[in-house]
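[1] Quick one, fold the following:
(one chain, ligands or ions: 1)
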Amino acid sequence: MAYARETPMVHAGEDPAAHFGALSTPIYDAAVFAFPDAAQGAAIHAGEQPGYFYGRMGNPTQAALEAALCALEGGEAALALASGMAAITTTFLTLLRPGDHVVAPLAMYATTTALLDEVLTPWGVAVTYVDATDPAAYAAAIRPTTKVLYLESPANPRLQLVDMAAVVAVARAHGITTVMDNTFATPYNQQPLHWGVDIVVHSATKYLGGHGDLTAGAIVGPAAFVHDARWRIHKILGGVIAPQTAWLVLRGIKTLALRMVQYNANALAVAQFLAGHPQVQQVAYPGLPTHPQQALAARQMTGCGGMLAFEVADLSAGQRLIDHLTLCQLAVSLGDVATLIQHSASMTHAAVPRERRLAAGITDGLLRLSVGIEDANDIIADLATGLAAI
Ligand SMILES: *Cc1c(COP(=O)(O)O)cnc(C)c1O
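    Sure, this is the predicted structure:
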């Protein structure tokens, strides 16, 4: 029987029969597991037979989370890791060799840009940054050595969208792998694998965990790729998720659908309020008619999520606003139950050179809001107080 998408979010990964009937997957705080015998020991150690033997290579709590991630994204296999950056680093190192080329968005999570520029480029990987809202820009950047088209949608921090079907078509025509960061949308609002994207990565630190109390990451994709990522690269890099953290992410996922309904509704209400405020010059939210890709959002997303960006006059107007807020917390990160606001130019993107920042649409007066699950009217009242202080 096919369930509605909310149902697997409550039950995914559960296997009570494997845990003495426990309905909450136990936390396996074991770094070492004994082999049943020599032959099975050899097979498990080589990754040829399922089983556990050492903390770096997984445990039943992590496996339950990985099963849940597969169910959420509709993927064949998943690998849970210590952070979103561990997931992204492991994915790139699994797919790339020196001499290979990557096409990536000009506007994306700043640490992913830093990974490409400061780690992979010196190791001999070439990168071309494109306006990812234009699928033709991906096509134009392709070289004989291109191995990965990288997507992030909605993108940090201006909520630009990538047309997944169009970019997948470009990649498939050239036999290139597509990787998508689905952190902002979550599998509740968007399922990249259903659009033909090969591999999805997540910062589970954000909506999947959902409470701002853990750091974790995930990779979901074809079984052969995930096996290669786990056994050839992750085994060596060692960005292992702790069993307690895996359990917390599993618990977060149980309320993901409920939280996303509230995020989607609250963010739309806040975006509409901001769009009508005289001190606000611009609001970027895929659910507003002023978003240049609202039709694409309606096509490939089932909800527009909790993230939005808006612009006030300049740096000091932005600083006055955030200094007069009491409910919204001045903090980086996102996907928390609480509303978080941050100033991209001085915080998350401070390390990005100003010209690159501006090219990515990150102006000095840009504020990014991760709308929480509080009452929408209370969030709006707090922002109204801040805007009145400008
Ligand atoms: C936070 C984030 C990351 C990095 O994840 P960590 O868990 O902080 O390592 C990657 N991509 C996006 C879109 C993010 O928001």
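[2] since we're on the closest residue to residue 330 other than its chain neighbours, how many residues are nearby?
    Among residues not flanking residue 330 along the chain, residue 322 sits closest, at 5.2 Å (C-beta to C-beta, 6 or more residues apart in numbering). (C-beta placed from N, C-alpha, C; glycine too.) A count of nearby residues for residue 322, using other C-beta atoms under 10 Å, gives 17.
[3] Shouldn't residue 322 be within a helix?
    Yes. Checked against DSSP: H, G, I helix; E, B strand; the rest coil, residue 322 lies within a helix.
[4] Please list the residues of the protein that sit near the ligand.
    For the chain, the contact set with the ligand under C-beta under 6 Å from any ligand atom comprises 83-85, 109, 111, 152, 156, 181, 183-184, 203, 205-206, 215, 217, 334.
[5] Report the two of these separated the most.
    Of all pairs drawn from the residues of the chain next to the ligand, the greatest distance, 18.9 Å, lies between 152 and 215 (C-beta to C-beta).
[6] For those two, indicate the residue with more neighbours.
    residue 152 (24 against 18).
[7] beta partners of the closest residue to the ligand within the stretch 151-300 of the chain?
    The nearest approach of the stretch 151-300 of the chain to the ligand comes at residue 203, 3.0 Å away (C-beta to the nearest ligand atom). Residues in a beta bridge with residue 203, per DSSP bridges, are residue 217.
[8] looking at the protein, which helix or strand does the model trust least?
    Across the helices and strands of the chain, mean pLDDT, DSSP states H and E gives its lowest value to helix 354-359, namely a mean of 82.
[9] what separates it from the chain centre, distance-wise?
    Computed by C-alpha atoms, centre = their mean, to the nearest Å, the chain-centroid distance of helix 354-359 equals 23 Å.
[10] Paired strands for the next helix-or-strand element following that helix, with orientation please.
    Next helix or strand after helix 354-359 toward the C-terminus (DSSP states H and E): strand 366-370. Sheet pairing here is set by DSSP bridges, and for strand 366-370 it gives strand 307-311 (antiparallel), strand 340-343 (antiparallel).
[11] hmm, back to that, quick check: buried residues in the least confident helix or strand of the chain?
    356, 357 (16 or more other C-beta atoms under 10 Å).
[12] likewise stretch 264-281?
    Under the neighbour-count criterion of 16+ other C-beta under 10 Å, stretch 264-281 has 264-271, 273-275, 277, 279-280 buried.
[13] Max pairwise distance over the residues you listed: which two?
    The span of the buried residues of stretch 264-281, defined through C-beta to C-beta, is set by 264 and 279 at 25.3 Å.
[14] Most proximal residue of the protein with respect to the ligand?
    Residue nearest to the ligand within the chain: residue 84 (2.2 Å; C-beta to the nearest ligand atom).
[15] Excluding chain neighbours, what is closest to that residue?
    In space, residue 84 is closest to residue 203, 2.7 Å off (C-beta to C-beta, 6+ apart).
[16] And for the closest residue to residue 128 other than its chain neighbours, the neighbour number?
    Distances taken as C-beta to C-beta, 6+ apart put residue 141 closest to residue 128, at 4.3 Å, once the chain neighbours are dropped. When neighbours are counted by other C-beta under 10 Å, residue 141 registers 18.
[17] these two touch, right, residue 141 and residue 103?
    Yes. Look at residue 141 against residue 103 with C-beta atoms under 8 Å: they come within range, at 4.5 Å.
[18] how about the strands of this structure, start to end?
    77-81, 101-105, 126-130, 146-152, 177-181, 199-203, 217-221, 282-284, 307-311, 329-330, 340-343, 366-370 (DSSP state E).
[19] and of those, who's closest to residue 377?
    Here strand 366-370 is closest among the strands of the chain (C-beta to C-beta), at 15.5 Å.
[20] Tell me the gap between the closest one and the middle of its chain.
    A distance of 17 Å separates the centroid of the chain from that of strand 366-370, by C-alpha atoms, centre = their mean.
[21] Run through who's touching it.
    Contacts to strand 366-370, defined as C-beta atoms under 8 Å, 6 or more residues apart in numbering, come from residues 156-158, 267, 270, 306-312, 318, 321-322, 328, 333-336, 339-345, 348.
[22] What of stretch 109-124?
    Residues outside stretch 109-124 that contact it (C-beta under 8 Å, 6+ apart) are 84-85, 88-89, 92, 96, 98-99, 102, 104, 125, 127, 129, 150, 152, 156, 181, 183, 203, 348-349, 351-352.
[23] rerun at 7 Å
    85, 88-89, 92, 96, 98-99, 102, 104, 127, 152, 156, 181, 348-349, 351-352 (C-beta atoms under 7 Å, 6 or more residues apart in numbering).
[24] Please flag which of these sit within helices.
    85, 88, 89, 92 (DSSP state H).
[25] Do you know the pLDDT at the first one?
    To tie it back to what came earlier, the one meant is residue 85. Looking at residue 85, its pLDDT is 98.
[26] For the most centrally placed residue in the chain, which non-adjacent residue is spatially closest?
    Centroid check for the chain by C-alpha atoms, centre = their mean gives residue 183 as the closest residue, at 1.8 Å. Leaving aside its chain neighbours, residue 183 sits nearest to residue 203 (4.6 Å; criterion: C-beta to C-beta, 6+ apart).
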